[in-house]
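S.K.: my questions are about this predicted structure, shown below with the sequence.
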Amino acid sequence: MTITFPLDPPAAPTPTEMKVTIREVVAQSRSPFSYKRQVQEHQGGHWEMSFDLPPLTEAEWREWTGWLAALRGVRGTFLWGDPARTSPQGAGGGTPVVNGAAQTGLVLATDGWPVSTLVLKRGDYFQLGNGSATRLHMVTADATTDSGGAVDLDIWPRLRESPADGALLTIDNPVGQWQLATNQNAWRHIEARQVNLSLDFKEAI
C-alpha cells in the first residue's frame, strides 16, 4: 500500500499536555539617535505545537512509532486539532461559507450564518479546506453577523491562498495541517514495556 499525506495520526490516547505557539515573522529596527522604531511584518506567521502522550502500552507505542516513521521526518504531513478548542464559544450555526473570491490578508468575508448573531468569539478556531489544502485559523475579534447573515472575520494567520467563493468554513472539530519540526524524533522505553513519547511539530505551509 502506498502511503499518502496527510497521514491520520492514531486516534488514542490523547495528549496529557499540549503547547500551542503562534509565531510571527516581524522585523524591527530602531534609530540609534531617536530610538524610534521601524517595523516590517512579513508573510510567514504560522502555528507551532508540541504535546506529551501518557505512557503508552506496547500496542499503543507500536502504532504511534509506526506512524511516526511513516512521516519520514519533515517530509510527511498530518491533520491535527487543538483538543481544548473543538467547538466555538460563539453561537455558530448556519452553513458558513467564504463570501467572495480573491481574498487575501487578515480579514475574511463570510456569509451563510444565522442573522444578527454573535457567531464566533475572539479565540475561536475555524478550518478552511481539507486534505492537503487544510488551513487552521483563529478569530481575533468577536464576530456578529448583519441582518443578512454576513460578517467579516478578523483572523490569524493570514490567508495562505485565496479560498474559493462559497468554500465551507468548518467550526466544529477544526484541524490544521502539520509537519514534524525535525528529522530526528525519538521515544523512551520505561518500565513494564511502556514508552514515553513527545512530539514537536509546526504548520505545514
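M.R.: Ah, there it is.
S.K.: any idea how far residue 82 is from the residue lying closest to residue 132 once chain neighbours are set aside?
M.R.: Closest residue to residue 132 apart from its sequence neighbours, by C-beta to C-beta, 6 or more residues apart in numbering: residue 6 at 6.3 Å. All C-beta spots, glycine's among them, are computed from the backbone N, C-alpha and C. Distance, residue 6 to residue 82, using C-beta to C-beta, to the nearest Å: 16 Å.
S.K.: more crowded one of those two?
M.R.: Per other C-beta atoms under 10 Å, whichever of residue 6 and residue 82 has more neighbours is residue 6, with 21 against 17.
S.K.: and the strand of greatest length in the chain, which residues are buried?
M.R.: Longest strand of the chain, by residue count under DSSP state E: strand 194-203. Residues of strand 194-203 classed as buried by neighbour count (16 or more other C-beta atoms under 10 Å): 195, 197, 199, 201-203.
S.K.: packing partners of that strand?
M.R.: For strand 194-203, the packing partners by 3 or more C-beta pairs under 8 Å, 6 or more residues apart in numbering; DSSP states H and E come out as strand 46-52, helix 58-70, strand 176-180, strand 187-190.
S.K.: I'd like those written out as JSON lines, with distance to residue 101 added.
M.R.: As requested, the helices and strands packed on strand 194-203 are exported to JSON lines (distance: least, C-beta to C-beta, whole Å):
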{"stretch": "strand 46-52", "distance to residue 101": "24"}
{"stretch": "helix 58-70", "distance to residue 101": "36"}
{"stretch": "strand 176-180", "distance to residue 101": "22"}
{"stretch": "strand 187-190", "distance to residue 101": "45"}
